[in-house]
Structures are given as C-alpha cells and as structure tokens.
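[1] Sharing a model prediction with you, sequence too.
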Amino acid sequence: MKARSWKLIGLVVLVMGAVALPFLVSNYRVFQFNMVLVYAIVLLGLNILTGYNGQISLGHGAFYAIGAYVAAILMDLGGWPYWATLPVAAIVCFVSGFLFGLPALRLRGHYLALATFALAVAMPQLLKYKRIEQWTGGVQGIVILKPDPPFGLKITPDQWLYLFTLAIAIVMFVIGWNLLRGRVGRAMIAIRDNPIAAEAMGVNSALYKSTTFGVSALYTGIGGALGAIVVQFVAPDSFTAGLSINLLVGIVIGGVASISGAIYGALFIQFIPNFADQISKAAPWAIYGAFLLAFVYLMPTGMAGLVRLIGSRLLRRSG
C-alpha cells in the first residue's frame, strides 16, 4: 500500500476517534481536549507566520486576547449568538495583524521578536484602561454563558462545544493545508529561505509578509474567540506575555513548519504543565523545564518530525 493511502487511512481514523472522544471521557477531560483544539488552531496560525514565512512572533497572545474579547463583548453586550462572533473576531484580528505587520516589515529576527513581545506585554494593561472599561469589564473581566446544544440534541454543553470546535478546527486545517501547498505557500517559503531571490522572481515580499501576519492573526483570533466561549470568562490577566511564550514553545515542540505539529504542540501546552504539577507540587516549573529540555534534545525536529521518521521506517519495512 502506498504512503498516501496509509496517510489517508490514518487521517480518517484520527477524525473518527476525535468525534467519538467526548462520549468516552469525563466532562473535565472534554474541556481539556476542547482547549487542545483551540490551541491547535492558534499554533497553526503562528506556524504559518514563523515556520513557513520566517517571522518570529512573541506577541500572538495579544491577538488571542483580541479575539477572545471580541467574542465576549458581542455575546455579553450585544447578545450575539456564539457562532456569529467567530467571523467578526477573524476580521478584527486580520486587520490588526495586517496593520501591525506593516511597520514590522523593517524588522527581522530578534528585533521583530522584541517588537511583538512589547505588544504582548502591553495588551493586559490596555484591556484594563478605564476609558474602555465599560466594554472590557476592566480587571474583573467578562463572564459569558455556555451555549446549549442546538436542535434538542441529547448531549451535554461541553460535548457540543467540543464537536463545534472540532468542526471549526477541521475547516481551519483544511484551509491552512491548501494555502500552504499552493502558490501563496511557496511564496511564503521562498521569502523565508531567500528574500532577495524571492524578490528577483517577482514575489512582492512586503505584501506577502504583511498578509501572512494578518492571516496568522486571523487564526489566532478565531482560537481566542473559541477559547473565550469554552472557558466562559475573559480577564486581562489571562492574557499575559507568558501565553505568547507558551505558544512559541508549542510550535517548537510540535514541529516548526509542520501542519500536524500544531496538534502535538497543543497537546504539550495543555497537558504537560498539569502533569508536571501532579509530579511535584513544590516545583512544578522545574519539572516542566526538564520535560522541555528532554523534548528539545530527543526530538530536535519536533514531535511531528519524530512521527514522520517512525512512519517512514514502518513503511520501508512493510514494503
């Protein structure tokens, strides 16, 4: 059997398992896996920017916060249905990312990382600003209600939200796969690998880099909106600079310039800190750091690279 056939079978089995998952575990585990899907969408967006286009961002927690607050404000003050907030969050974050990407064109490498990190540091303070407190809720944040399953479905709200988030995640991954495998994706990679050669081949580097920043922020904003709906609460202190750093850790652990790496990185972000806390209540971050070092040392190409290596060897043996 060809490698493509095995990949297709594996993908079908993975989707079927993901659909069945919320009916096999407790509500708390459903919530955790829901957050895995949210982080996977965000990490895919960040990987499009950093892994495929070569722009390092330490500020995507800010776009996550923007998407979360757009959803929360529309639901709390506007009475919008939860699903209708996602396109608005996507548009707002795309515009924000595109506009931020324009001045960032003059920055590269660690200078760009510092500029985006400044955005992440400033965002919690901006959300606490008294002039907009009537919309953001200030330091108290906003509490939103968990939506009930539609059409009288006999499932719990957590199970419905998981299935809803899974459907959105599948759509976003399909769009991302098509984007990166087409002409736009090749232009992104060309700019990352050799911007001078890309310009010589007629690639509009400035336009592609700004648009990539916008698309990456769009993905992150959709993830942020879904995260707010799942958690049912947003507050400025939930979106500190640590969130942006965790997102960057996620794409490195999962695999830079890898679509599937977003899923592995999301699993790491969601479960490893909890696992470290269970091992040692006294020094959970020391345990987390040990896990981080082990992953980086043992899997230099990320978890996606390790899975590809194992898969290729199994195929050679079966062939």
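    Everything's here; your move.

[2] Flag every buried residue along the helix or strand encompassing residue 273.
    Mapping residue 273 onto the secondary structure by DSSP states H and E places it in helix 261-279. With burial defined by 16 or more other Cβ atoms under 10 Å, the residues of helix 261-279 counted as buried are 261-270, 272-273, 276. C-beta here means a position set from N, CA and C on the backbone, and glycine is covered the same way.

[3] Against which helices or strands is it packed?
    Other elements packing on helix 261-279 under the criterion 3 or more Cβ pairs under 8 Å, 6 or more residues apart in numbering; DSSP states H and E are helix 27-50, helix 241-254, helix 284-298, helix 302-318.

[4] Other residues contacting that helix?
    By Cβ atoms under 8 Å, 6 or more residues apart in numbering, the list of residues contacting helix 261-279 from outside reads 32, 35-44, 47, 51, 173, 246-247, 249-255, 284-285, 287-288, 291, 295, 302-304, 307.

[5] could you check the angle helix 302-318 makes with it?
    110 degrees (axes from the mean of the first three to the mean of the last three Cα atoms, to 10 degrees).

[6] as a whole number, average confidence for helix 261-279?
    In this model, helix 261-279 has a mean pLDDT of 94.

[7] how much does that helix deviate in direction from helix 241-254?
    Using the same axes, to 10 degrees, helix 261-279 lies at 110 degrees relative to helix 241-254.

[8] now helix 261-279, how far from the centre of its chain.
    14 Å (Cα atoms, centre = their mean, to the nearest Å).

[9] And the strands in the stretch 51-200 of the chain, which stretches?
    Listed in chain order, the strands of the stretch 51-200 of the chain (DSSP state E, counting those that start in this stretch) span residues 142-143.

[10] Residue nearest the middle of the chain, spatially speaking?
    With distances taken as Cα atoms, centre = their mean, residue 42 lies nearest the centre of the chain, 1.2 Å away.

[11] list the contacts for that one?
    By Cβ under 8 Å, 6+ apart, the contact list for residue 42 reads 60, 64, 219-220, 223-224, 247, 266.

[12] give me the low-pLDDT residue ranges for the stretch 1-150 of the chain?
    1-3 (pLDDT under 70).

[13] so what's residue 6 up against?
    When contacts are counted by Cβ under 8 Å, 6+ apart, residue 6 touches 311, 315.

[14] repeat for residue 198
    When contacts are counted by Cβ under 8 Å, 6+ apart, residue 198 is found next to 187, 190-191, 205.

[15] mind redoing it with 10 Å?
    For residue 198, the residues meeting the contact criterion (Cβ atoms under 10 Å, 6 or more residues apart in numbering) are 186-192, 204-205, 208.

[16] And residue 171, by the same measure?
    Residue 171 neighbours (Cβ under 10 Å, 6+ apart): 41, 222.

[17] looking at the helices and strands packed on helix 261-279, which is buried most?
    With neighbours taken as mean count of other Cβ atoms under 10 Å, the helices and strands packed on helix 261-279 reach their highest mean count in helix 27-50, at a mean of 24.

[18] quick check: angle from that helix to helix 241-254?
    The directions of helix 27-50 and helix 241-254 differ by 80 degrees, with the same axes, to 10 degrees as the criterion.

[19] Just the CA coordinates for helix 27-50, please, in PDB.
    Only the C-alpha atoms of helix 27-50 are listed here, as PDB (Å, rounded to 0.1, in the frame of the first residue of the first chain):
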ATOM      1  CA  ASN A  27     -16.700  16.400  31.200                       C
ATOM      2  CA  TYR A  28     -13.400  17.800  32.600                       C
ATOM      3  CA  ARG A  29     -11.400  15.800  30.000                       C
ATOM      4  CA  VAL A  30     -13.700  17.000  27.300                       C
ATOM      5  CA  PHE A  31     -12.900  20.600  28.400                       C
ATOM      6  CA  GLN A  32      -9.200  19.900  28.300                       C
ATOM      7  CA  PHE A  33      -9.400  18.300  24.800                       C
ATOM      8  CA  ASN A  34     -11.500  21.300  23.700                       C
ATOM      9  CA  MET A  35      -8.700  23.600  24.700                       C
ATOM     10  CA  VAL A  36      -6.300  21.400  22.800                       C
ATOM     11  CA  LEU A  37      -8.300  22.100  19.600                       C
ATOM     12  CA  VAL A  38      -8.300  25.800  20.400                       C
ATOM     13  CA  TYR A  39      -4.600  25.800  20.900                       C
ATOM     14  CA  ALA A  40      -4.100  23.800  17.700                       C
ATOM     15  CA  ILE A  41      -5.800  26.400  15.600                       C
ATOM     16  CA  VAL A  42      -3.700  29.200  17.200                       C
ATOM     17  CA  LEU A  43      -0.500  27.200  16.800                       C
ATOM     18  CA  LEU A  44      -1.300  26.600  13.100                       C
ATOM     19  CA  GLY A  45      -1.600  30.300  12.600                       C
ATOM     20  CA  LEU A  46       1.600  31.000  14.400                       C
ATOM     21  CA  ASN A  47       3.400  28.300  12.400                       C
ATOM     22  CA  ILE A  48       2.200  29.900   9.200                       C
ATOM     23  CA  LEU A  49       3.900  33.100  10.300                       C
ATOM     24  CA  THR A  50       7.100  31.700  12.000                       C
END
